[in-house]
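# sequence and computational prediction follow.
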2 protein chains.
Amino acid sequence: MNGAESLVSTLLAGGIDTCFANPGTSEMHFVAALDRIPGMRCVLGLFEGVVSGAADGYARMAGRPAATLFHCGPGLANALANLHNGRRASTRMVNIVGDQATYHRPLDAPLTADTEGWARGVSGWVRTATSAATVGRDAAVAIQAARTEPGTIATLILPADTAWTEGGEIGAKLPVPARTEADPLAVRNVAAVLRRGEPTVLLLGGDATDAAGLEAAHRIAAATGASLMAMGSNARMARGQGRVFVNRIPYPVDQAVQAMAGFRHVILVGARAPVIFFAYPGKPGSPLAPGAELHVLTRPEQDPRAALARLAEELGAPRAPVPDAGPRPEPARGALTPETVAQTLAALLPEGAVVADESITYGRGFFPGTRAAAPHDWLQVMGGAIGGGPPMATGAAVGAPGRRVINTQADGSAMYTLQALWTQARERLDVTTVIFANRKYQILLGELANVGANPGRTALDMLDLGNPDLDWVSLARGMGVEAAGAESCEGFADLLAASLRRKGPFLIALAV
Amino acid sequence: MNGAESLVSTLLAGGIDTCFANPGTSEMHFVAALDRIPGMRCVLGLFEGVVSGAADGYARMAGRPAATLFHCGPGLANALANLHNGRRASTRMVNIVGDQATYHRPLDAPLTADTEGWARGVSGWVRTATSAATVGRDAAVAIQAARTEPGTIATLILPADTAWTEGGEIGAKLPVPARTEADPLAVRNVAAVLRRGEPTVLLLGGDATDAAGLEAAHRIAAATGASLMAMGSNARMARGQGRVFVNRIPYPVDQAVQAMAGFRHVILVGARAPVIFFAYPGKPGSPLAPGAELHVLTRPEQDPRAALARLAEELGAPRAPVPDAGPRPEPARGALTPETVAQTLAALLPEGAVVADESITYGRGFFPGTRAAAPHDWLQVMGGAIGGGPPMATGAAVGAPGRRVINTQADGSAMYTLQALWTQARERLDVTTVIFANRKYQILLGELANVGANPGRTALDMLDLGNPDLDWVSLARGMGVEAAGAESCEGFADLLAASLRRKGPFLIALAV
């Protein structure tokens, strides 16, 4: 057994059975080992950002890490943007990065780069394997690190000779520390804050946004009068009929400040202290009201659902029924607007759908507009690195077979990782991509207006995706994905409904 | 004048008049400054790897650095692979990376990342600006660093508040140190080696592969019986009729070893010590014959052409006529093969053409086969990071207006940066992309065979770009580039000739 074989066997023994990959020369022994040892589903991406983003989406839905395979420093570099997004989502992932043989690295061959240095910024755990005999053990530690709460990205760099040399040993599966409970003192402190009756919001993030977490939070809110709010972006949120609806902190700074203005106390439940995405001259960096107090119910590694249950007991809060979301709407008719698109989505999202959302400006109103849809999960790009949507949708479909994935997707962002469509076609994944083709970087036009400039040709050209227009139907077909365009709600509804009835991917280009 | 305005003015004063850009929120003041201050040509890329690769191709043709504009750490991360290629080409480049405001960074907003850490691996110079008052000076130093021989990538990180704050000052243009001459002792040593009459090769790289460098090297070879060889990859080589033909060290390890087997002495002229791209079990890491001696005529920062002229004087070598390349061939007929494609290229390349080559396995024989073409320049991807070709072609066309760029391009590699086609359409660049669509990672199939494995379904699927086939005509049209396919030499020749007669980009998909 060579090092690569011990590595594959260790991954399988550690519960990793899916590998998103974009291999190169230095990974051929790993690829050969995948061939010889059954049990690993290998999913090819034609660009590394697709691979890393797919592993992110997969882990969010499957609840366990995927492996990835990258080629040397530059291959890892192409993956970094979506690894950054995964890091911000506390995604569990085990990266395998093939690299120069240990004794070849000093020769500084052309593809030699600072692989380990690049990995650090996105990884909670990084190690470069040093021998075939120990690479299995290294992988077992990587899996342990990735699975330890709150979950992280572990990166194992695999010099080619540690893969091809004989003497590999399978690493025994290592125990993952149990998730810690909230500090009892934190529970009592938060209960005391809530009993004061001052304006208070429970800010939910992480697992607090699954169905059980939302119900537990609602129970407390109903008993105390506290408000509920979710982070601006959330890795996975349970939504639709039968789920507790909560809004998110808005992205634009003024709206974010307004949303938090009334609250004297902000209680973090699996959430981070909220912060504005970017600084603006003369605007605050945090949306919290001046003088507002932050309280921590659970740190990221602690279980927010259990903490909410304990808090409810502490408060003697009775069980509270989930508020009725109202009837599921009918598909909208007429012109495409953010509101009518949301209504149509709410009407047609099938039960169990997964929304992979990178709709940016166009979709800012989708959240309240889809409240009464069938029960579904909503995934967001967590780190603000552009191009997370199509890969996340791809991986989510692999991680949640049998559930339809709807990728609500801005056109400018989609261009960073459009190669994901090919993987959807290759794997016949049940993904419907809805492109909002506004043919511009709309978010930046807004930001440029905030700068106070009266934009001229140079600036406008740098924010304009027209001239030439992107033809998304042609791009999708070029990668083997059937596609069609729509310019009205009726057309959109027809295409969306048709895509839900079929197997495999479909792309809908909405001219908005 | 705010910091951004002082920065733009400093760039212009330093001779930088072209900016390849993919901006984001934190760069809006820079974009606004580009709008207010005339003189900068801004070229938008829809993915950062297009931007960095284009700046690489531009600098190689224009002989001066372009600026780039990236958005925060993840934007820079997307650029790293082609920055790595540029670093290996000693490309001059000034990166501007917008980032979080200095006082906002500690809040760790979602897009906050280790921008400076990621920049280090590809940059000879890195600095994070600290104030609007000093950012102009920082930019002047960046330009100086980029232009200092042998050329490097300088990265200036621009926190948003250093751009928007008033009080900017234009940085005075700083002197660039003159290029140093070869050490006279090195010239005499190399002359002594050559006089011994032992098997010797002059290994040419950097500026030694321009027309003057090649002629000077040929003069020495003709007088001493030494051989000439170029590095495996070269940033820019003068080729075709009237130019001295030299072959390159082959990529496959066995062929590389064979090519260097006879040489007792290897003289580096602007070249690095040759090294095999990857290690293989039981194979050498260097192609040099055992016991071969390396001699350095010029280090990278020294002028190899001047050194060759001095060496010729030292040796008393007479001027030597450039060997006749033979007649320019006719376009080939019949089936597409690497040889017939090369012949067709040799027949049709227009005088002054620029070949941007990322043809990988299919194009390994193109070099000798195009020897008798009209005079042209040949650019290669220098760092082995995949996806350099289409962006390099894009930037070369911006940097060499009036010259047709032919991007000889492998299909698998093109998928990493296919967004370059849109920029070609947007800017109406004279680029003909020739895609060799073999529908697989052919180089990896060879490498997998070397591993000795009898590949099964899992391995083959990870190296196969079919299922579904990529439709390059559809992909190109989706980005506004006209395209057509060919399956014979006649069809290829017709399309290539037609593309040369027109303005703007065209893509030819060859089913090979």
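Great, that's in hand.
# quick one: pLDDT of the residue nearest to A:Q100 when sequence neighbours are not counted?
The shortest distance from A:Q100 to any non-neighbouring residue, by Cβ to Cβ, 6 or more residues apart in numbering or on different chains, is to A:T112 (5.5 Å). Just so you know, the C-beta spots here come from the backbone N, C-alpha and C atoms, and that holds for glycine as well. In this model, A:T112 is scored at 98, pLDDT.
# ok, A:T112 touching A:P74?
No - taking contacts as Cβ atoms under 8 Å, A:T112 lies outside contact range of A:P74: 10.0 Å.
# out of those two, which sits in the more crowded spot?
Higher neighbour count among A:T112 and A:P74: A:P74, with 32 against 23, using other Cβ atoms under 10 Å in any protein chain shown.
# before we move on, back to that, now do the residue nearest to A:Q100 against A:A163, distance only.
A:T112 is 17 Å from A:A163, where distance means Cβ to Cβ, to the nearest Å.
# can you check A:A509 too?
For A:A509, the distance to A:A163 (Cβ to Cβ) stands at 43 Å.
# and A:R60, by the same measure?
In terms of Cβ to Cβ, A:R60 sits 29 Å off from A:A163.
# please enumerate the helices of the stretch 1-150 of chain A.
Under the criterion DSSP state H, counting those that start in this stretch, the stretch 1-150 of chain A contains helices at A:3-13, A:28-36, A:48-62, A:72-88, A:115-120, A:132-147.
# same check, this time on the stretch 251-400 of chain A
So, for the stretch 251-400 of chain A - with DSSP H, counting those that start in this stretch - the helices run A:253-260, A:304-315, A:338-348, A:366-369, A:389-399.
# of these, which approaches chain B most closely?
helix A:253-260 (11.0 Å; Cβ to the nearest Cβ).
# and that closest one, C-alpha only, in CSV?
Provided in CSV are the C-alpha atoms of helix A:253-260 (Å, rounded to 0.1, in the frame of the first residue of the first chain):
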residue,chain,number,x,y,z
VAL,A,253,-25.5,50.2,6.0
ASP,A,254,-28.4,52.6,6.5
GLN,A,255,-31.0,49.8,6.5
ALA,A,256,-28.8,47.7,8.8
VAL,A,257,-28.5,50.5,11.3
GLN,A,258,-32.2,51.1,11.1
ALA,A,259,-33.0,47.4,11.7
MET,A,260,-31.0,47.4,14.9
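# quick check: mean pLDDT of that helix?
For helix A:253-260, the mean confidence score works out to 97.
# ditto for stretch A:384-398
Stretch A:384-398 shows a mean pLDDT of 98.
# and it, how far out from the chain's middle?
From the chain centre to the centre of stretch A:384-398 is a distance of 7 Å (Cα atoms, centre = their mean, to the nearest Å).
# buried ones in it?
Neighbour-count burial for stretch A:384-398 flags A:384-398 (criterion: 16 or more other Cβ atoms under 10 Å in any protein chain shown).
# let me see the contact set for the closest residue to A:A222 other than its chain neighbours.
Excluding the flanking residues, the one nearest A:A222 by Cβ to Cβ, 6+ apart is A:A320, at 3.7 Å. Residues counted as contacts of A:A320 (Cβ atoms under 8 Å, 6 or more residues apart in numbering or on different chains) are A:H218, A:R219, A:A221, A:A222, A:A223.
# now the third one, nearest residue through space, not along the chain?
Counting by Cβ to Cβ, 6+ apart, the nearest residue to A:A221 once its immediate chain neighbours are dropped is A:L228, at 5.1 Å.
# separation between the one you found and A:A306?
In terms of Cβ to Cβ, A:L228 sits 18 Å off from A:A306.
# give the buried residues for stretch A:192-209.
A:193-194, A:199-209.
# tell me the span between the first and last residue of it.
23 Å (Cα to Cα, to the nearest Å).
# mind checking how far A:A81 is from B:P304?
38 Å.
# compare these two (neighbour count), which wins?
For A:A81 versus B:P304, neighbours defined as other Cβ under 10 Å are more numerous around A:A81 (33 against 29).
# got the contact list for that one?
A:G49, A:S52, A:A385, A:I386, A:G387, A:G388, A:Y416, B:P74, B:G75, B:A77, B:N78.
# all strands for the stretch 401-512 of chain A, in order.
Remark: strands assigned in the stretch 401-512 of chain A by DSSP state E, counting those that start in this stretch are A:405-410, A:431-437, A:482-486, A:506-511.
# next, count neighbours for A:F245.
A:F245 has 18 nearby residues by other Cβ under 10 Å.
# ok, the closest residue to it other than its chain neighbours - contacts?
Leaving aside its chain neighbours, A:F245 sits nearest to A:R371 (4.9 Å; criterion: Cβ to Cβ, 6+ apart). By Cβ under 8 Å, 6+ apart, the residues touching A:R371 are A:R239, A:G240, A:F245, A:A325, A:G326, A:A346.
# what do you get for A:T68?
Going by Cβ under 8 Å, 6+ apart, A:T68 touches A:C19, A:F20, A:A21, A:V51, A:S52, A:A55, A:A79, A:M93, A:V94, A:N95, A:I96.
# among the residues you listed, which one sits closest to A:E293?
Using Cβ to Cβ, A:M93 is the member of these that lies nearest A:E293, at 35.2 Å.
# about what we covered before: dump the contacts of A:T68 to JSON lines, plus pLDDT.
Listed next are the contacts of A:T68 as JSON lines, based on pLDDT from 0 to 100:
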{"residue": "A:C19", "pLDDT": "98"}
{"residue": "A:F20", "pLDDT": "98"}
{"residue": "A:A21", "pLDDT": "97"}
{"residue": "A:V51", "pLDDT": "98"}
{"residue": "A:S52", "pLDDT": "98"}
{"residue": "A:A55", "pLDDT": "99"}
{"residue": "A:A79", "pLDDT": "98"}
{"residue": "A:M93", "pLDDT": "98"}
{"residue": "A:V94", "pLDDT": "98"}
{"residue": "A:N95", "pLDDT": "98"}
{"residue": "A:I96", "pLDDT": "98"}
